[in-house]
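In: from the sequence below, what's the structure:
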Amino acid sequence: MDREVLAAFLRGRRAQVRPSDVGLEAGRGRRTPGLRREEVARLAAISVDYYIRLEQARGPRPSRQVLSALARALRLSDDERAYLFNLVGASPSPPGPSRDVPPGIVRLLQRLDDTPAYVVDAKFDILAWNDMAAALVMDWSAVPPKERNAIRWLFVPPRELDAQHGRMALESVADLRAAAARYPDDDGIAALVGELTKASPYFAELWSKHEVQVRRGTRCAMVHPVVGPLELDIETLVIPERDQRLMMFTAAPGTPSHEALRLLRVVGVQDLTSSERR
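Out: Now for the predicted structure:
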């Protein structure tokens, strides 16, 4: 159990819960953002001293009962609750993210000949893709395997992100932290976090916030060098037995973006360089 990480997570979540969220009066002269330590202890039915020691990284390993009580007191989401339990080793740790894409998913990718789609693992390494995804984003077969990571593209090399990519960066880092808790012994995730922390001050800042949230469906806008502007929904199909996700880019029928995808199916990857599509 990493007591320092647990302490930082508890402090961060406590600061985000307002007294009114848990039925408490804020009162006058409150200087503490969020709840006070004694309020969390009272809500979780544990001693104030015990909770203080947890936040000071010197407490014992909490039991599952205490973890459940803290999750309720701090109003943790399902993702945050799972992260809390993983932090203290309350759930068995799998050996590492699987890179073996199920054959049925590979066949499904190829059948989606009008929909860009790819498969990522827990740390957003691109594992498999179809021709439409290569035409929309890049031809990953021309990229070294180490560089086929969707989170790395956001932070390396360091650059100023627009509003959309800033939101994606926030969500990606929160998702990566959840993965790091699920796979605490995985060298690949540790190496990725270490690399990005050194390469990007912005990543280091986001990582220090201890935000936790598994990414699900979202929406993106982009300008393709051949078919032009696109507004796409990114739908996510979870592959639970491998902890992988199938990401599909779709557009509503009859919209300009839908017509652009139809054109992209004809154009394919011809004459499109990786640098143009990034």
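
In: what about the strands in the protein?
Out: Taking DSSP state E, the strands of the chain run over residues 117-120, 126-129, 218-224, 228-239, 244-250.

In: pLDDT weak spots in the stretch 151-278 of the chain?
Out: By pLDDT under 70, the low-scoring segments of the stretch 151-278 of the chain are 269-278.

In: so which of the strands of the chain is the most packed in?
Out: Highest mean neighbour count among the strands of the chain (mean count of other C-beta atoms under 10 Å): strand 117-120, with a mean of 24. All C-beta atoms are positioned from the backbone trio N, CA, C, and that covers glycine.

In: by contact count, what packs against that strand?
Out: Judged by 3 or more C-beta pairs under 8 Å, 6 or more residues apart in numbering; DSSP states H and E, strand 117-120 is in contact with helix 103-111, strand 126-129, helix 131-136, strand 244-250.

In: Gln56: which of the ones you listed is closest?
Out: Evaluated over the helices and strands packed on strand 117-120, closeness to Gln56 peaks at strand 244-250, with 37.1 Å, by C-beta to C-beta.

In: adjacent strands (with direction) for the closest one?
Out: strand 117-120 (antiparallel), strand 228-239 (antiparallel) (DSSP bridges).

In: can I get the longest one in CSV, CA atoms only?
Out: Taking only C-alpha atoms (Å, rounded to 0.1, in the frame of the first residue of the first chain), the coordinates of strand 228-239 have been written out as CSV:
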residue,chain,number,x,y,z
GLY,A,228,-12.7,18.5,-44.2
PRO,A,229,-14.5,19.2,-40.9
LEU,A,230,-16.0,16.4,-38.9
GLU,A,231,-18.1,16.2,-35.8
LEU,A,232,-18.1,12.7,-34.5
ASP,A,233,-19.4,10.7,-31.6
ILE,A,234,-16.9,8.3,-30.1
GLU,A,235,-18.7,5.3,-28.8
THR,A,236,-17.0,2.8,-26.5
LEU,A,237,-17.5,-0.9,-26.4
VAL,A,238,-15.9,-2.5,-23.3
ILE,A,239,-14.2,-5.8,-23.6
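
In: tilt between it and strand 218-224?
Out: Angle, strand 228-239 to strand 218-224, by axes from the mean of the first three to the mean of the last three C-alpha atoms, to 10 degrees: 140 degrees.

In: for strand 228-239, what is the distance to the chain centroid?
Out: 16 Å (C-alpha atoms, centre = their mean, to the nearest Å).

In: and the angle for it with helix 103-111?
Out: Put simply, strand 228-239 runs at 160 degrees to helix 103-111, going by the same axes, to 10 degrees.

In: quick one: contacts of strand 228-239?
Out: The contact list for strand 228-239, computed with C-beta atoms under 8 Å, 6 or more residues apart in numbering, reads 102, 105, 119, 136, 215-224, 244-252, 255-257, 260-261.

In: distance of the closest residue to Ser208 other than its chain neighbours from Gly217?
Out: Leaving aside its chain neighbours, Ser208 sits nearest to Ala8 (7.9 Å; criterion: C-beta to C-beta, 6 or more residues apart in numbering). For Ala8, the distance to Gly217 equals 29 Å [C-beta to C-beta, to the nearest Å].

In: ok, those two, which is more surrounded?
Out: Neighbours were counted for Ala8 and for Gly217 using other C-beta atoms under 10 Å; Ala8 has more, 16 against 11.

In: partner residues bridging Asp125?
Out: Note on Asp125: beta-bridge partners Asn149, judged by DSSP bridges.

In: any figure for the gap between the residue nearest the centre of the chain and Ala122?
Out: With the centre of the chain defined as its mean C-alpha position, the nearest residue by C-alpha atoms, centre = their mean is Asp175, 1.7 Å away. From Asp175 across to Ala122, the span is 9 Å (C-beta to C-beta).

In: give the intersection of the neighbour lists for the two.
Out: Going by C-beta under 8 Å, 6+ apart, no residue sits against Asp175 while also sitting against Ala122.
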